[in-house]
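Colleague: Need the 3D shape of this:
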Amino acid sequence: MPQTLTQLVTAEKIRIVCRNSNTILLGNLLGSVPLAIVLWSVDRQNIQIWLMSLYLILLVRFLYNRIPDLNRFTFPELLRFDRGQTLLIFLTGCIWGAGGYSFFDVENIQTVLLILLTFVSMIAGSLVSLSSRPVAYVCFSTPVMGPMIYFMFIQDEWLYNWLSFGAVVYLLATFGFSRTIHKVIENSVRLRYENLDLIEDLRQETERANRANQDKSRFLASASHDLRQPLQAVNLFTEVLSGKVRDPDQRDDLANIQQGLGSLNELLDALFDVSRLDSELVTARHVSFPLDDLLGKLQQQFTIEARLRGLDFHCGRSGAIIDSDPMLLERVITNLLVNAFRYTPSGSVRVTFTDQQEQLLLHIEDTGIGIPEEALEEIFNEFYQVHNQERDQRQGLGLGLAIVRRVVALLGHKIEVTSQPEKGSVFTLTLNKGNAQSVPEVSELEIPELASPLDGLHVMIVDNEESIVDAMSFLLTSWGAQTSAHVSTREALDQLQNHEFSADFIIADYRMPGDYDGCEFVEAARSLIGPVPALIVTGDTSEDVVRDFRKRQFDYLHKPIKPVQLRMIIQRILARRS
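Modeller: Presented below is the predicted three-dimensional model:
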């Protein structure tokens, strides 16, 4: 049965005496040698008997302390062991005291002083080693010093009387010291066990928190898929509807709907990003790559944004090779630029660099509204916005910098911010330089954009949601493509096998019922019609699924997909194939 804290502390104090036993026994052994040498010529026979008795009890104590494995003893067994150990300690003290009785020579003050000094040393040596069990210390020191105190007290010589008095004072003082040492040891042992209890409680709480976090991650993964599916259909149908509505009032209403959908898409993506980062489902894949390739992509994207806002945007070139995860680093810089543009009503946004030996400092500077000094740490917290306490979603969600902080920590980079209200802010990323020799000849970031229309493109669409199939089919048809839509992979494969449709491009949902998931369906289709380009769409954001896409080298998008995003990636895949 579990032991109480008091029992645990008592058991540990018993084990302390046992652990100190070898030192105690060695001290007894060595302490007897000088006394035996001095008295050998005076009383050889009694010295031999005394030494044999002392060494025999020391041997018994040595064997007694070596036999048991005290860590496996129950508390009652430890108490029985302690009683036997205390008895042996008492017998050892009696043998020492018997030596004082046998060798006391009132006519030879030097011998008495030698014996007294030896006993004082033995008691002092056992003070620390036995004080975890004060009873054991008393059982040793009292019989050692008792006979000497008695014989010195009954003498007619005042010197012996004073020595007797001094020995009593010394003995009582050691009892007090022993009690103090015992309290220190007990408090230390008790504190240790209390800390162990706290650590165990903390471990259990951590395990519960981890389990809850894993349950939350599984729930969010499931919720991600279930929420993204209908939102994907709504996005596509809204885009199809925008091509049909001509009435100005209806177009205004549709624009409000699209704005609300955009905010919902952004919030959903941000919430799941934060959840995945906190759940450690995202892993960084560090490679060496030219930072300018990534910045070139972002410059094209944000140059248009700058023109629309009337801002001056400059994105410098570093010429540096960076060691990082390109996709995650792009997410960080994109979020920082979005933040800079959002809070810069006039002036400029600039990307500059400070080159150091082993690192590169990337600065994103703006001339915006700035951040008060007391809020510089708060801005990286979820939903915190300095100038948007009323929660106007047109000014963002307050999750961008929270995601930045988590991704930067995951990448092992460092981010700092300096700012002056009404003058602007500077966010500085500290990036580690990479190895230029390990950079591929053609950067995977250099994917040309193709603006050609989709007229005449034969697209096969496979998704388990009929509403999504219909919406995507309408959308692609409005772009000039010819589509064949299916909610069953078997049905789609039969159509390809029977040459009823010649697919130039495949868009497949990853989570499909039946024998094939989206990736397996594309592979089966390619075995029938050749290496047709394909895009996998999914509402599952787990890292295992993303890892599977990368391993199979499939292009993919997470639902809900914005129509412009869909068109861009189709064009990019076609451009890469051509």
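Colleague: what sits against residue 361?
Modeller: By C-beta atoms under 8 Å, 6 or more residues apart in numbering, the contact set of residue 361 is 353-355, 428-431. In short, each C-beta sits where N, CA and C put it, glycine included.
Colleague: Only the buried residues of the helix or strand that contains residue 83, if you could.
Modeller: Residue 83 belongs to helix 75-103 when assigned by DSSP states H and E. Judged by neighbour count using 16 or more other C-beta atoms under 10 Å, the buried positions of helix 75-103 are 78, 81-82, 85-86, 88-100, 103.
Colleague: Test my guess that residue 358 contacts residue 433.
Modeller: Yes: judged on C-beta atoms under 8 Å, residue 358 makes contact with residue 433 at a distance of 5.9 Å.
Colleague: out of those two, which sits in the more crowded spot?
Modeller: Taking neighbours as other C-beta atoms under 10 Å, residue 358 and residue 433 compare with residue 433 leading, 18 against 6.
Colleague: quick one, what contacts the more buried one?
Modeller: Contacts of residue 433 (C-beta under 8 Å, 6+ apart): 320-323, 358-360.
Colleague: buried subset of the residues you listed?
Modeller: For the contacts of residue 433, a burial check counting by 16+ other C-beta under 10 Å picks out 320-323, 359-360.
Colleague: Any chance of a markdown table for those, columns secondary structure, distance to residue 496 and pLDDT?
Modeller: Converted to a markdown table, the buried ones among the contacts of residue 433 look like this (DSSP: H, G, I helix; E, B strand; the rest coil; distance: C-beta to C-beta, whole Å; pLDDT from 0 to 100):
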| residue | secondary structure | distance to residue 496 | pLDDT |
| --- | --- | --- | --- |
| 320 | coil | 47 | 86 |
| 321 | strand | 44 | 88 |
| 322 | strand | 43 | 87 |
| 323 | strand | 44 | 88 |
| 359 | strand | 53 | 87 |
| 360 | strand | 50 | 89 |
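Colleague: Need these in JSON lines (columns: distance to residue 369).
Modeller: Formatted as JSON lines, the buried ones among the contacts of residue 433 follow (distance: C-beta to C-beta, whole Å):
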{"residue": "320", "distance to residue 369": "31"}
{"residue": "321", "distance to residue 369": "35"}
{"residue": "322", "distance to residue 369": "30"}
{"residue": "323", "distance to residue 369": "34"}
{"residue": "359", "distance to residue 369": "30"}
{"residue": "360", "distance to residue 369": "28"}
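Colleague: among those residues, which two are most distant?
Modeller: Maximum pairwise distance among the buried ones among the contacts of residue 433 (C-beta to C-beta): 12.1 Å, between 321 and 359.
Colleague: Which secondary structure element is home to residue 119?
Modeller: If you go by DSSP H and E, residue 119 is part of helix 109-130.
Colleague: and that helix, what's its mean pLDDT?
Modeller: Taken as a whole, helix 109-130 has an average pLDDT of 85.
Colleague: ok, now stretch 489-502?
Modeller: 89.
Colleague: which residues sit against that stretch?
Modeller: Applying C-beta under 8 Å, 6+ apart, the contact partners of stretch 489-502 are 458, 460, 462, 484, 486, 503, 508, 512, 514-516, 521, 524-525, 528-529.
Colleague: What are the buried residues along that stretch?
Modeller: Burial within stretch 489-502, assessed by neighbour count using 16+ other C-beta under 10 Å, is assigned to 489, 492-493, 495-496, 501.
Colleague: Centre of the chain to that stretch, how far?
Modeller: How far stretch 489-502 lies from its chain's middle: 49 Å, per C-alpha atoms, centre = their mean, to the nearest Å.
Colleague: Same check on stretch 307-320?
Modeller: Relative to its chain's centre, stretch 307-320 lies at 37 Å (C-alpha atoms, centre = their mean).
Colleague: what comes up buried for that stretch?
Modeller: Residues 311, 313, 315, 318, 320 are the ones in stretch 307-320 that count as buried (16+ other C-beta under 10 Å).
Colleague: That stretch: end-to-end distance?
Modeller: Taking C-alpha to C-alpha, to the nearest Å, stretch 307-320 runs 28 Å from one end to the other.
Colleague: How about residues contacting that stretch?
Modeller: By C-beta under 8 Å, 6+ apart, stretch 307-320 touches 290-292, 295, 298-299, 302-303, 305-306, 341, 344, 346-353, 355, 360, 362, 431, 433.
Colleague: Which ones among the residues you listed map onto strands?
Modeller: Among the contacts of stretch 307-320, the residues falling in strands (DSSP state E) are 290, 348-353, 355, 360, 362, 431.
Colleague: Please enumerate the helices of the stretch 201-350 of the chain.
Modeller: Using DSSP state H, counting those that start in this stretch, the helices assigned to the stretch 201-350 of the chain run over residues 248-278, 291-309, 326-342.
Colleague: Check those for me: which has the lowest mean pLDDT.
Modeller: The weakest mean pLDDT among the helices of the stretch 201-350 of the chain belongs to helix 248-278, with a mean of 63.
Colleague: quick check, residue 357 in a helix?
Modeller: No: applying DSSP: H, G, I helix; E, B strand; the rest coil, one finds residue 357 to be coil, outside a helix.
Colleague: which SS state does the residue of the chain most remote from its centre fall under?
Modeller: Here the chain reaches farthest from its C-alpha mean at residue 156, the gap being 77.3 Å by C-alpha atoms, centre = their mean. Of the three states, residue 156 takes coil according to three-state DSSP.
Colleague: so how far is residue 164 from it?
Modeller: Separation of residue 156 from residue 164 (C-beta to C-beta, to the nearest Å): 12 Å.
Colleague: For residue 334, grab the count of nearby residues.
Modeller: If we define neighbours as other C-beta under 10 Å, then residue 334 has 17 of them.
Colleague: Spatially nearest residue to it, not counting backbone neighbours?
Modeller: Closest residue to residue 334 apart from its sequence neighbours, by C-beta to C-beta, 6 or more residues apart in numbering: residue 298 at 6.5 Å.
Colleague: so what's that neighbour up against?
Modeller: Here residue 298 is in contact with 315, 330, 333-334, 337 (C-beta under 8 Å, 6+ apart).
Colleague: and the residue nearest to residue 116 when sequence neighbours are not counted, backbone torsions?
Modeller: Closest residue to residue 116 apart from its sequence neighbours, by C-beta to C-beta, 6+ apart: residue 148 at 6.2 Å. Main-chain dihedrals, residue 148, degrees, to the nearest 10: phi -60, psi -40.
Colleague: Next up, the contacts around residue 148.
Modeller: By C-beta under 8 Å, 6+ apart, the neighbours of residue 148 are 97, 100-101, 104, 115-116, 119, 167.
Colleague: quick one: residue 501 from residue 560, how far?
Modeller: Taken as C-beta to C-beta, the span from residue 501 to residue 560 is 27 Å.
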